[in-house]
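Trainee: 3D, please:
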Amino acid sequence: MKASIRKSPRINNQQSKTEAHRCSGLIRTARMSARQGLALLLLATTLRAGSDTNVVFPGTSWELRAPAVVQMDAGKIDQFIVNVGGDGCIVKDGYLVKSWGETTSHKWWASASKPVLSTLLLLAVQEGKLPSVDAPVKSVGWELSAKDSAMTFRHLANMVSGYNCAEAPGAAWGYNDFAIQLYARSLEKVFQQSLDAAFQQRLAALQFQDGEFFGSRNGLSVAASPRDFARLGWLWLNRGWWNGREVISEKLFADYIKPGVPANLPRTTGKDTDYLNIGTYGGGTDQTVYGPGVYGFNFWFNERMASGERVWPAAPADTYQANGMWNRDTVTIFPSLRMVVAVRGAKPGKFQPGKPDSEYNQYLKLIVGAARPMAFPDKDWEVATPESQGMDSAKLQTAAALLEKTVGKDGVHELMIIRNGRLIWRGDDIDKVHGVWSFTKAFTSTTLGLLRDDGKCALDTKAKDIVPALAAAYPEVTLRHFTTMTSGYRALNDEPRGTYAHGPSKTSFLPNPEPLFSPPGSKFAYWDSAMNEFANVLTHIAGEPLEELFRRRIADPIGMNRTNWDWGDLGTVDGIVVNGGSGNNGGVMKISARETARFGLLFLNRGNWNGKQLLSERWVDEASKVQVPASLPHGFAQRSEEGPGEYGFNWWINGIKPDGQRKYPGAPEGTYCGAGHNNNYCFIIPEWNMVIVRLGLDGNAKDKVWSDFLAKVGEALQ
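Mentor: Numbering: from 1, shown residues only. As a prediction, this is how the structure comes out:
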């Protein structure tokens, strides 16, 4: 059974290959304007024979599809199943792609049941059985203590009710199964019927195949089959919509299915008494420290933790989950992947949110990788229609037209958009080679990543230990300071040259005895001569030019055409050529958009190229997150409008600036970019599995130009 929420043009695989080949051949042989280039890609989509298909929902049974049909990697799926075990199923794009174990049987889902209670709460509010989620719990007949009298249903859904704990409602976090038992019993009172009857009656449109949903713990906990729980997961993913009908208000989803526990909320200090004799849902009153900042309405959300890592580092930022018995029983929702994975009785591993190397995160890495089949270019890029990669051509054209109008005179001639490793949009001059100015800095920091991976240095290696000339004025400067622009280094002859004032010296390797600021790390200053000295230090660690290191370890393995890139140098120091670290004074990376996109794709894949780890995941993850706190003051007033809150290891991050605003509000949170003068940008957008390159020679567009463009690209996602 199918229904339309959003229309999604689709073509079959063979047809896609045929049209992509036709499109690719035409692109290679024609010189055209950027708009003509897009028109050609659009032509490929209009030639398909298939008709529009819609968001798919199961009828009395799931519609089956092989993994390849929905562009999933069958081998990774099989490995995921071997690793997790248990009983489960995978739904992608509304189709049942894989099932294993006892997918029709009824067994307890433990705490994965809890978000189902919150689903019933939303239904109660929708029907007017409760005025809001902030309805007092005592309103359904409980005689609560004076301490608990202000308790609301929201408090119960967020595990901050204080029941059987020392604190008042809302005052402390406690993963509390006595409170959940109270929640379930309260919902029975609200509906005046069993939870299963209330649930089945109101969600009859989902056509559950295997009977009862609530069937354990005296009817208060879920014992559904995995394939039926996946139906509820698909309703969650579609924000309450089912087959064209708004079963649960989408506004209620938007308002409440999100983190609801403040990140700074303290943990409960102790147990009180179960004075209602309500009993437990299964566990105690204080089961884990985790929750604040990442928990809401009984779901776990893939938010960043205090460590800076997300709950599940391998998963998209919009992932959320029903979790029981600490990873044993889970229903995981991947909205950006259009995927639901329901697993019961798995090999759980430890519950270790925010740990990239945890066993459970590795499980998720497999299934996410299976849902994002990545192509890697060989001699040339695979050309695909936007629709074949889940994008709307007309809306993508709107985005490109906006950028062409707002970015500068070079428009979109050197624009490339890559999704899932496939070229879906290109301008007519993507092989033009020219300098990319400060985008050079991202290449410089990448060589630091290689050297650290090799064990030749650490982030906190002191530069004076490599280049002794730095000992006198810069004894505490480390490689970390250089790559975050917090070193305070400046060179002799760094006086402004016209409007160029941020480190223009042509004698970058001669340290000025008076630092820009001190101590290092105390301020941020975007300073070019410091980056050139940084390159000098890295060159001495490597014992060879950075260009040669980069060519051998990165450029050649990822297939960058050697005739279409060249890393300029600043001369010889101690017998070794030193390539420019900043992109000024001739030490600039000259490169085409086509080769830049390969570099971006390497970072999108966290340093992995077609199965070979060229650069460690650890480095990419660190380089692409904020390393300069928003609270850090500026050390150079003339460029005080940028840096803190938005700078990593020479990459610009879509972080929160000192004014509280995100750098690119129109883009996903995980977006980051290499950026240089004259609108030379390479955007990496993990949430969209996308790389966008725009090179040029035409000035400096403001962040708003890029944010508005990226917002339009986001609207093209299907």
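Trainee: contacts, neighbours, all on C-alpha from now
Mentor: Will do.
Trainee: List the contacts of residue 496.
Mentor: 502, 503, 504 (C-alpha atoms under 8 Å, 6 or more residues apart in numbering).
Trainee: burial measure for the first one, as a count.
Mentor: Yep, that's residue 502 we're talking about. By the other C-alpha atoms under 10 Å criterion, the neighbourhood of residue 502 contains 20 residues.
Trainee: Is it in a helix, a strand, or coil?
Mentor: At residue 502, secondary structure determined by DSSP: H, G, I helix; E, B strand; the rest coil is coil.
Trainee: ok, it touching residue 526?
Mentor: Yes - assessed by C-alpha atoms under 8 Å, residue 502 is found in contact with residue 526 at 6.5 Å.
Trainee: Need the overlap of contacts for these two.
Mentor: 636, 639.
Trainee: Would you mind giving the contacts of residue 496 as JSON lines with distance to residue 461 and pLDDT added?
Mentor: Listed next are these as JSON lines, based on distance: C-alpha to C-alpha, whole Å; pLDDT from 0 to 100:
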{"residue": "502", "distance to residue 461": "25", "pLDDT": "91"}
{"residue": "503", "distance to residue 461": "23", "pLDDT": "90"}
{"residue": "504", "distance to residue 461": "26", "pLDDT": "91"}
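Trainee: of all these, which comes closest to residue 457?
Mentor: Using C-alpha to C-alpha, residue 503 comes nearest to residue 457 of the contacts of residue 496, at 25.7 Å.
Trainee: The closest residue to residue 379 other than its chain neighbours and residue 384: what is the separation?
Mentor: Distance criterion C-alpha to C-alpha, 6 or more residues apart in numbering; nearest residue to residue 379, sequence neighbours excluded, is residue 559 at 6.8 Å. Noted for residue 559: a distance of 20 Å to residue 384, by C-alpha to C-alpha, to the nearest Å.
Trainee: Looking at those two, which one has more neighbours?
Mentor: Of the pair residue 559 and residue 384, residue 384 is the one with more neighbours under other C-alpha under 10 Å, namely 27 against 17.
Trainee: surely the more buried one meets residue 420?
Mentor: No - applying C-alpha under 8 Å as the test, residue 384 and residue 420 come out as separate, 10.0 Å apart.
Trainee: Just the CA coordinates for stretch 243-258, please, in PDB.
Mentor: Extracted C-alpha coordinates of stretch 243-258, given in PDB (Å, rounded to 0.1, in the frame of the first residue of the first chain):
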ATOM      1  CA  ASN A 243      -0.500   6.800   4.300                       C
ATOM      2  CA  GLY A 244      -1.600  10.400   3.800                       C
ATOM      3  CA  ARG A 245      -3.300  10.600   7.200                       C
ATOM      4  CA  GLU A 246      -2.000  12.600  10.200                       C
ATOM      5  CA  VAL A 247      -2.500   9.900  12.800                       C
ATOM      6  CA  ILE A 248      -0.600  11.900  15.400                       C
ATOM      7  CA  SER A 249      -0.300  15.600  15.100                       C
ATOM      8  CA  GLU A 250       3.000  16.500  13.500                       C
ATOM      9  CA  LYS A 251       3.100  19.600  15.600                       C
ATOM     10  CA  LEU A 252       3.100  17.500  18.700                       C
ATOM     11  CA  PHE A 253       6.000  15.500  17.400                       C
ATOM     12  CA  ALA A 254       7.900  18.800  16.600                       C
ATOM     13  CA  ASP A 255       7.200  20.200  20.000                       C
ATOM     14  CA  TYR A 256       8.000  17.200  22.200                       C
ATOM     15  CA  ILE A 257      10.000  14.500  20.400                       C
ATOM     16  CA  LYS A 258      13.300  16.100  21.000                       C
END
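Trainee: list the contacts for the residue lying farthest from the centre of the chain?
Mentor: Going by C-alpha atoms, centre = their mean, the residue of the chain most distant from its centre is residue 143, 45.4 Å out. Shown in contact with residue 143 (C-alpha under 8 Å, 6+ apart): residue 276.
Trainee: who's in contact with the residue nearest to residue 379?
Mentor: Residue 559 neighbours (C-alpha under 8 Å, 6+ apart): 377, 378, 379, 598.
Trainee: ok, now residue 676?
Mentor: For residue 676, the contact set (C-alpha under 8 Å, 6+ apart) comprises 436, 437, 438, 439, 440.
Trainee: which one of the residues you listed has the most neighbours?
Mentor: residue 440 (28 neighbours).
Trainee: Is it correct that that one is in contact with residue 583?
Mentor: Yes - Residue 440 lies in contact with residue 583 (C-alpha under 8 Å); the separation is 5.1 Å.
Trainee: any residues in contact with both of those two?
Mentor: In contact with both residue 440 and residue 583: residue 589, using C-alpha under 8 Å, 6+ apart.
Trainee: which strand residues sit across from the residue lying closest to residue 543 once chain neighbours are set aside in the sheet?
Mentor: Of all residues not flanking residue 543 in the chain, residue 576 sits nearest, at 7.5 Å (C-alpha to C-alpha, 6+ apart). Beta bridges link residue 576 to residue 573 when assigned by DSSP bridges.
Trainee: Any figure for the gap between the residue nearest to residue 379 and residue 695?
Mentor: With distances taken as C-alpha to C-alpha, residue 559 is found 19 Å from residue 695.
Trainee: ok, now residue 501?
Mentor: Taken as C-alpha to C-alpha, the span from residue 501 to residue 695 is 24 Å.
Trainee: same deal with residue 284?
Mentor: Distance from residue 284 to residue 695, by C-alpha to C-alpha: 57 Å.
Trainee: Those two - which one has more neighbours?
Mentor: Taking other C-alpha under 10 Å, residue 284 and residue 695 do not tie; residue 695 has more neighbours (31 against 17).
Trainee: shouldn't that one be in contact with residue 415?
Mentor: Yes - contact criterion C-alpha under 8 Å: residue 695 and residue 415 qualify, at 6.7 Å.
Trainee: any residues in contact with both of those two?
Mentor: Contacts common to residue 695 and residue 415, judged by C-alpha under 8 Å, 6+ apart, are residue 593.
Trainee: one step back: among the contacts of residue 676, which are in helices?
Mentor: With helices taken from DSSP state H, the overlap with these comprises residue 440.
Trainee: Out of the contacts of residue 676, which comes closest to residue 61?
Mentor: Nearest to residue 61, judged by C-alpha to C-alpha, of those is residue 439 at 52.4 Å.
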